[in-house]
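A.B. asks: Pasting a predicted model and its sequence here:
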Amino acid sequence: MELLDKINRFLNQLLLWIAGVFLVGMVALTCSNIFLRLVWVPIKGVFELMGFFGAVVTVFALGYTQIKRGHIAVDVLVNRFSGKARSILNGINYFICMIFFGFAGWQMAAWASVLCRTGEITETLRIIYYPFVYLVSFGCLVLALVLMVDLLKLLIKEKGAE
């Protein structure tokens, strides 16, 4: 379990750094486009690139945010439950979310394969879509891994408490 947790943390830290690079690229591209619009020469395809980069930034940060428990949670009602009931609800939540993001990652990978076969490209810059869809798929699968590790930790903790 400890090895799986270390792999999980390393992988998510790496993805967070990659997301940071894409975010810096988004900022640089936006600032450049704003500056160049002042001289009437905007950068073509900024909208396309922002969409791709934004998707990568978002999905690559999901797993790290889950590890740090940084997602918004409205737990006014749940905090009134006993510790056992909260653990059960957390376990159910981890399981459902793990299945959902695993399925989403799998379906996005299938869609990326279709895009690869059909040769789909963007209108302005003629960039191929499928690498970005594969990246989003990978991010979803990594989040599913994080949720699986959280579920396993919860189950091991519960088993040790018995």
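C.D. replies: Happy to help now that I have it. Numbering: from 1, shown residues only.

A.B. asks: How many residues are close by R117?
C.D. replies: Close neighbours of R117, defined as other C-beta atoms under 10 Å, add up to 9. To be clear about C-beta, it is placed using only N, CA and C from the backbone, and glycine gets the same treatment.

A.B. asks: Leaving out the residues flanking it, which one is nearest to T124?
C.D. replies: G45 (4.2 Å; C-beta to C-beta, 6 or more residues apart in numbering).

A.B. asks: ignore the last one, S137
C.D. replies: Closest to S137 by C-beta to C-beta, 6+ apart is M108, at 3.7 Å.

A.B. asks: Please name the residues that touch that neighbour.
C.D. replies: By C-beta atoms under 8 Å, 6 or more residues apart in numbering, the contact list for M108 reads 133-134, 136-137, 140.

A.B. asks: same question, M1
C.D. replies: 152-153, 156.

A.B. asks: try Y130
C.D. replies: 112-113, 115-116, 120.

A.B. asks: now the contacts of M1 in CSV, with pLDDT, neighbour count and distance to L145?
C.D. replies: Below are the contacts of M1 laid out as CSV (pLDDT from 0 to 100; neighbours: other C-beta atoms under 10 Å; distance: C-beta to C-beta, whole Å):
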residue, pLDDT, neighbour count, distance to L145
L152, 95, 14, 10
K153, 94, 14, 13
I156, 91, 11, 16
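
A.B. asks: re the thing from before, among the contacts of M108, which lie within helices?
C.D. replies: 133-134, 136-137, 140 (DSSP state H).

A.B. asks: neighbours around L151, how many?
C.D. replies: 18.

A.B. asks: tell me the SS of it?
C.D. replies: Assigned by DSSP: H, G, I helix; E, B strand; the rest coil, the conformation of L151 is helix.

A.B. asks: Could you report the distance from it to A144?
C.D. replies: According to C-beta to C-beta, to the nearest Å, L151 and A144 sit 10 Å apart.

A.B. asks: Give me the common contacts of these two.
C.D. replies: M98.

A.B. asks: and the residue nearest to the spatial centre of the chain, what element?
C.D. replies: With distances taken as C-alpha atoms, centre = their mean, V59 lies nearest the centre of the chain, 2.3 Å away. Element membership for V59 (DSSP states H and E) is helix 46-67.

A.B. asks: Which elements pack onto that helix?
C.D. replies: Based on contacts counted as 3 or more C-beta pairs under 8 Å, 6 or more residues apart in numbering; DSSP states H and E, the elements that helix 46-67 packs against are helix 2-38, helix 130-161.
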